[in-house]
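In: the following comprises the amino acid sequence and a computationally predicted model.
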Amino acid sequence: MTMRRDVHDELRARLQEAAAAHEPNRERMLARIERGMSEEARPDHRATRPPALGWLRVAGATAAVAGVLAVGGYAVASVVREEPPPTVATSPTPTPSPDATSRAPLPPDPTPDPTRQPSKESGEPTSPATTAPPTHTAKPPAAGEEDGPLWSDGSVDPHSNDFWAQSNVTLKTGEKLTGLTVELKVAQTGGVTSTGAWRSLPEDDFELTVGERDGFLVYTWTLKKGRTVPAGEWVFAGQYDHERGGRDAGADGYTATARAGDEVLSVAGDFARHEDDGEESDDSS
């Protein structure tokens, strides 16, 4: 590699010297051209070629001189220059496809949308009105003592006396209940105060609240979350004192709301005697 590089450098140095020493004699070339033209102009000169060929010869000589000067300058520039000029590659301009330029745009789909209705005022199609999903309505208040598998009854306990009484709410269910709320309302007829409450179901399964509201002593039992009431008959009782003598229970009442599966059940009643009772019930104490 070193020897080839030395030979190349020596050759380039000699070419540079030869190119620098070359001095074309421009005056001599022009004199030769003028001499040839003057010989053509003499009358005794016998023309061996047509005049047109003579002028072509003069033009060719002139072009040859110019070519020698150009080649000499190019040789000097090529030898002196250390590195070749960089070349820039250019990609040809893409020719547009006939399909892309001559194809007409697709017309819009004339098929109408069957779900759109024309507007009465503008005639333009309008989007169909969306119907709101039906909202879940709450179950109406209880209107009877029986609702599906749930049955109820209200009565004053026969062991009540002139100073004390107990009101019983009896529920019967043919299905397991996953929710249950029982409310007992005892009218304030004078001296009515709570002395306790109980239920035939486990005490820990319910939350009990007792208080006065709107002229009533109110007992409320609420089944705790995650607890259930099995099918069967169950009693919820509220105990209270009252003024001496017989007490009228005609204004007392109860309500019960239960859930069996996905169904909500609701019952309500009072403490009056029922026609199907086997015997007269004492509604006073």
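Out: It's in. Numbering: from 1, shown residues only.
In: do a quick rundown of the strands in the stretch 151-285 of the chain.
Out: Assigned by DSSP state E, counting those that start in this stretch, the stretch 151-285 of the chain shows strands spanning 164-173, 179-187, 193-199, 206-213, 216-223, 232-241, 253-260, 263-270.
In: average pLDDT for the fifth one?
Out: To tie it back to what came earlier, the one meant is strand 216-223. Taken as a whole, strand 216-223 has a mean pLDDT of 98.
In: can you pull out the low-pLDDT segments for the stretch 151-285 of the chain?
Out: For the stretch 151-285 of the chain, the stretches flagged by pLDDT under 70 are 273-285.
In: try 90
Out: Scanning the stretch 151-285 of the chain for pLDDT under 90 picks out 245-246, 272-285.
In: do the stretch 1-150 of the chain as well
Out: 1-144.
In: which among the strands of the stretch 151-285 of the chain is found nearest to D147?
Out: Set against D147 and scored by Cβ to Cβ, those come closest in strand 263-270, at 4.6 Å. Where C-beta positions appear, they are placed from N, C-alpha and C, glycine not excepted.
In: so what are the sheet partners of that closest one and their directions?
Out: strand 253-260 (antiparallel) (DSSP bridges).
In: R259: neighbouring residues, count only.
Out: The number of residues packed near R259 is 16, by other Cβ atoms under 10 Å.
In: returning to that earlier point: can I get the strands of the stretch 151-285 of the chain in CSV with distance to D157?
Out: CSV is the format used below for the strands of the stretch 151-285 of the chain (distance: least, Cβ to Cβ, whole Å):
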stretch, distance to D157
strand 164-173, 4
strand 179-187, 12
strand 193-199, 11
strand 206-213, 17
strand 216-223, 14
strand 232-241, 7
strand 253-260, 14
strand 263-270, 15
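In: among those strands, which comes closest to V156?
Out: That would be strand 164-173 among the strands of the stretch 151-285 of the chain, by Cβ to Cβ, at 5.8 Å.
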